[in-house]
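Asker: Prediction below, plus the sequence it came from.
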Amino acid sequence: MNDKLQDGILIFAKRECETCQMVEHVIGQIADKMPTVVYTQDDPSFPSTVSALDDSSLESSFAFNVEAVPTVVRMREGKEVARTFGWSRADWEKLTGLDRLGEGLPEMRPGCGSKSREPDVYDVLRAKYGKLDFKSRQIRLGEWDDEIEACFDRGWSDGLPVVPPTDVRILRMLEGTPRKPDEIIGAVPPNLSPITVEKVAVNAVMAGCRPEYMPVVLTALEAALDPLFTMHGLLCTTCFSSPIIVVNGPVAREIGMNSGINCLGQGNRANATIGRALQLIIRNVGGGRPGELDRAVLGGPGKYTFCFAEDESDKKPTNTRVAPREMIKDIADNCDAVIIALSDCGSCTSCSTHDLNDLDKKGLAGVSVLTTEFQQAFESQKGAIGLDAAAVYVPHPLQNKTTAELHQWANAAVDKILQAIAHDTSCVTALETV
């Protein structure tokens, strides 16, 4: 059988597909009447009606981008001009130009998935038979070389075993981001070596990341390369300092990060490998190796990885911490005005001031209610962050007041609060009707 067919029919099939078994004699009908090449993906003896070419390597199935079997391809002058997949008598007869194919069979039946499209197989085929355009220098090992030991020998490891960055693993990692492999992210200190998305993927593979971690790894790297972060100084210090990555938002939950019990410890893949990827990039691309430009006297475990997610399960029960970004956005999108109260302590005053500032930046009218004890603290912090917002002060302290007294003070403060946000008349109207 000629596997370089110029004019005729190509058929891709596999024995384990019931539809392929059903049309076995149809394949023989076609082969008897016109030039035909049949590729079998799993059993060289199938179909029995024609001598098939063994495509158990799936090279030809990959080359013709076969997604389902049976697939029938019409070739003319060495080029594909038409194809169909599954069984449809009308389609097969139109494509082959033959009549009365498969008499007695149903008019149509769907096919089966191609073995070349099984989970993980397609990536292996891409790496083996596809056109790779990697720019990173490739290292070819001998048949008997140990991949993990080779990584140690070349200085790519942080002391723990790394995952060998094979072509297929890098391809899979790059699928985790829409960014182009040759996009330059920045210059990695201390050597200020340029780093591309492809090189990030290489180090993410070695760190043990999954492809869905790539957006977080890229964001963390961009933050670390910001000159204000002074990554170079963090390396050169003799202290045990290391970057800390805190992940906020839906992505932390989507990739399964730990923000609760033992979030700074072992046991979570995303926490462990995202931080490790950043450290490996600093080492392998930037040249930040211990004893060289990394001058830490004793170091610390954070130099392996220091990454965890913010616990957002408790939105904001008190004013002792700033509100999450999602909460700020939700308030700004759904409210006309905001009153931030309960500021009767230093940390409450600081956090509520920053909350008010975040909301003010989104154009939301607001006022802070706090006790006279922390008036100076509020005014100082407001000036420091450039916040132009009013405040209503009530007597200090609050903790020893009865419920009736608190209600009385709250009622007395209503007019002052309305006056504080009176520059937005729609807000005043809304509050007055409550």
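Answerer: Thanks, I have the structure now.

Asker: low-scoring stretches of the chain, by residue?
Answerer: Along the chain, the parts satisfying pLDDT under 70 run over 1-4, 314-320, 342-344, 423-434.

Asker: quick check: domain ranges of it?
Answerer: Per automatic domain parsing, the structural domains of the chain span 8-117, 154-309, 325-432.

Asker: so which of those gets nearest I139?
Answerer: domain 154-309 (7.4 Å; Cβ to Cβ). Any C-beta I mention is one placed from the backbone N, CA and C, and that applies to glycine too.

Asker: Stretch 387-396: end-to-end distance?
Answerer: Terminal residues of stretch 387-396 are spaced 24 Å apart (Cα to Cα, to the nearest Å).

Asker: what comes up buried for it?
Answerer: By 16 or more other Cβ atoms under 10 Å, the buried positions in stretch 387-396 come out as 387, 389-394.

Asker: taking these one by one, which sit in strands?
Answerer: 390-394 (DSSP state E).

Asker: And for V251, the neighbour number?
Answerer: By the measure other Cβ atoms under 10 Å, the count of residues near V251 is 16.

Asker: what's the answer for the one 3 residues further on, then?
Answerer: E254 is flanked by 12 other residues according to other Cβ under 10 Å.

Asker: I'd like to know how far it sits from D145.
Answerer: With distances taken as Cβ to Cβ, to the nearest Å, E254 is found 38 Å from D145.

Asker: cool, and E67?
Answerer: As for E67, its distance to D145 is 36 Å (criterion: Cβ to Cβ).

Asker: Which one's more surrounded, those two?
Answerer: A count of neighbours by other Cβ under 10 Å puts E67 above the other of E67 and D145, at 15 against 11.

Asker: For the more buried one, which residues are in contact?
Answerer: For E67, the contacting residues are 85, 113-114, 117, by Cβ atoms under 8 Å, 6 or more residues apart in numbering.

Asker: Go through the residues you listed and flag which are in helices.
Answerer: For the contacts of E67, not one is inside helices, with DSSP state H as the criterion.

Asker: out of these, who has the most neighbours?
Answerer: S114 leads the contacts of E67 on contacts (other Cβ under 10 Å) with 26 neighbours.

Asker: Backbone dihedrals for that residue, please?
Answerer: Dihedral angles of S114 (phi, psi; degrees, to the nearest 10) stand at phi -70, psi 140.

Asker: again with A337
Answerer: In terms of degrees, to the nearest 10, the main-chain angles of A337 are phi -160, psi 160.

Asker: what's the burial count for it?
Answerer: Neighbour tally, A337, other Cβ under 10 Å: 19.

Asker: so it touches A422, yeah?
Answerer: No: if you go by Cβ atoms under 8 Å, A337 and A422 don't touch, sitting 10.7 Å apart.

Asker: show me what contacts V69?
Answerer: Shown in contact with V69 (Cβ under 8 Å, 6+ apart): 12-14, 17, 19-20, 41, 85, 111-114.

Asker: if you set the cut-off to 6 Å instead, what comes out?
Answerer: Contact analysis of V69 by Cβ atoms under 6 Å, 6 or more residues apart in numbering lists 12-14, 17, 20, 111-112, 114.

Asker: Adjacent strands (with direction) for the helix or strand where Y39 lies?
Answerer: According to DSSP states H and E, Y39 maps onto strand 36-40. Sheet partners assigned to strand 36-40 using DSSP bridges are listed as strand 8-13 (parallel), strand 53-54 (parallel).

Asker: ok, and what's touching it?
Answerer: 1, 3, 5, 8-13, 30, 46, 50, 52-53, 55, 60.

Asker: distance between it and the chain's centre?
Answerer: 40 Å (Cα atoms, centre = their mean, to the nearest Å).

Asker: what's the answer for stretch 376-383, then?
Answerer: Distance of stretch 376-383 from the chain centroid (Cα atoms, centre = their mean) equals 40 Å.

Asker: residues of that stretch that come out buried?
Answerer: 377-378, 381-382.

Asker: Next step: those restricted to helices.
Answerer: With DSSP H as the criterion, helices contain 377-378, 381-382 from among the buried residues of stretch 376-383.

Asker: how about the strands of the stretch 101-250 of the chain, start to end?
Answerer: 108-109, 112-113, 184-188, 193-196, 245-247 (DSSP state E, counting those that start in this stretch).

Asker: my bad, should have said the stretch 251-400 of the chain
Answerer: 307-309, 337-343, 365-371, 390-394.

Asker: Tell me which of those strands is the most buried.
Answerer: Ranked by mean neighbour count, those are led by strand 307-309 with a mean of 26 (mean count of other Cβ atoms under 10 Å).

Asker: which other helices and strands contact it?
Answerer: Using 3 or more Cβ pairs under 6 Å, 6 or more residues apart in numbering; DSSP states H and E, the elements in contact with strand 307-309 are helix 269-284.

Asker: related to what we said a few turns ago, ok, which pair from the ones in helices among the buried residues of stretch 376-383 is furthest apart?
Answerer: Greatest spacing in these, by Cβ to Cβ: A377 and K382 (9.4 Å).

Asker: got a list of what the residue minimising distance to the centre of the chain touches?
Answerer: Among the residues of the chain, the one closest to the centroid is E212, at 3.5 Å (Cα atoms, centre = their mean). The contact partners of E212, taken as Cβ under 6 Å, 6+ apart, are 176, 255.

Asker: if I look at it, how far off is E80?
Answerer: Per Cβ to Cβ, E212 is found 35 Å from E80.

Asker: Also A413?
Answerer: From A413 across to E80, the span is 78 Å (Cβ to Cβ).

Asker: Check L370 too.
Answerer: For L370, the distance to E80 (Cβ to Cβ) stands at 74 Å.

Asker: do the same with V124
Answerer: The spacing between V124 and E80, counted by Cβ to Cβ, is 24 Å.

Asker: re earlier: closest to N400 out of the strands paired with strand 36-40?
Answerer: Between these, strand 8-13 lies closest to N400; by Cβ to Cβ that is 82.9 Å.

Asker: Pull up the distance across stretch 184-192, start to finish.
Answerer: Counting by Cα to Cα, you get 12 Å between the two ends of stretch 184-192.

Asker: buried stuff in that stretch?
Answerer: Neighbour-count burial for stretch 184-192, counted by 16+ other Cβ under 10 Å, picks out 185, 188-190.

Asker: Please produce TSV containing those residues, extended by distance to V217.
Answerer: Shown next, in TSV, are the buried residues of stretch 184-192 (distance: Cβ to Cβ, whole Å):
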residue	distance to V217
I185	10
V188	13
P189	17
P190	20
